[in-house]
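[1] for reference, the sequence and a predicted model appear below.
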Amino acid sequence: MKNLILEIYSTLLKRFGPQNWWPGDSPLEIAIGAILTQNTNWKNVEKAIENLKKKGLIDVDRILETPENELRELIRPSGFFNIKLRRLLNFIEFLKSHGGLDGLKKLPLHELRKKLLAVGGIGFETADSIMLYALEKPVFVVDAYTRRFLKRHGIIRGNEKYDEIRELFEKNLPRDVELFKEYHALIVKLGKVYCKSKPVCDNCPLNREKFWRVEDESNSDLRG
DNA sequence: GCCCAGGTGTTTC
DNA sequence: GAAACACATGGG
């Protein structure tokens, strides 16, 4: 196996087909969704986004003009609505002071990531999701599903830092935004169908005899 | 009723 | 540092 990370991508793509992530009509909608979906079912986030859309609030200035109480009710279905309201406003104010998403897009990758991470309520995954899916920057997104399937298949131990796992993908893949987008989406798909908290390993595309076994430890060369 | 979901920040050892 | 906890809705 030459490049396990790339082999996994091919296997998932063949099995599930293109996922065409991130769902959303605009970069701003995608970025807002990235914040609202923190530890939350996407279905709930869709309701919140739809509420905002109906009021024409996928717009930096319109959000800033809207009373907080109204915003809170609109995003309520996405859960954690008090904390997410604050995080959303932190981000929108950050956008306002940096020339919006178009302004951010001009920043060097490293500086952009640093600035996003400095916004209260934006952590590694949210920052990287915004960079990859809203700003089209070549950054690999690592989430709970990613960690879970890597650990299940013995590719990581489980105690690795976020950036270690991100680099595992970035170093083993061509620096291609569309590839990164699709791969992360496929991992989420895998997680939803097979690699759940309670695994469904029968028929899992990564668990066939011809590919490799879950117990297989021979992929340790990819670790740290 | 219980568990889970496309995390992050704070508190506490 | 790393573990434990708070944050909240809606679906299975």
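    Thanks, I have it. In this text the structure is predicted, and so the values were computed from the model without any measurement. Numbering: from 1, shown residues only, chains lettered A, B, ... in the order given.
[2] any idea how far A:Glu170 is from A:Phe94?
    Taking CB to CB, to the nearest Å as the measure, A:Glu170 falls 25 Å from A:Phe94. C-betas here are computed from N, CA, C, even on glycine.
[3] I meant to write A:Ile32 there.
    Counting by CB to CB, the gap between A:Ile32 and A:Phe94 amounts to 13 Å.
[4] cool, A:Ile165 as well?
    When A:Ile165 is compared with A:Phe94 (using CB to CB), they lie 26 Å apart.
[5] need the contact list for the residue in chain A that DNA strand B sits nearest to.
    Nearest residue of chain A to DNA strand B: A:Gly123, at 2.4 Å (CB to the nearest atom of the strand). With contact taken as CB atoms under 8 Å, 6 or more residues apart in numbering, A:Gly123 is in contact with A:Leu117.
[6] swap the cut-off to 6 Å and go again
    Listed by CB atoms under 6 Å, 6 or more residues apart in numbering, the contact set of A:Gly123 is empty.
[7] for it, what are phi and psi?
    Dihedral pair for A:Gly123: phi -100, psi -160, per degrees, to the nearest 10.
[8] more neighbours, A:Ile32 and A:Phe94?
    Shown here are A:Ile32 and A:Phe94; by other CB atoms under 10 Å, A:Ile32 has more neighbours (27 against 17).
[9] name the SS class of that one, please.
    Of the three states, A:Ile32 takes helix under DSSP: H, G, I helix; E, B strand; the rest coil.
[10] neighbouring contacts of stretch A:177-188?
    A:9, A:12, A:16, A:19, A:21, A:132, A:136, A:138, A:140-141, A:145-146.
[11] in it, which residues are buried?
    Neighbour counts over stretch A:177-188 (16 or more other CB atoms under 10 Å) mark A:179-188 as buried.
[12] is that stretch in proximity to DNA strand B?
    Yes - shown here: stretch A:177-188 in contact with DNA strand B (CB under 7 Å from any atom of the strand) through A:Val188.
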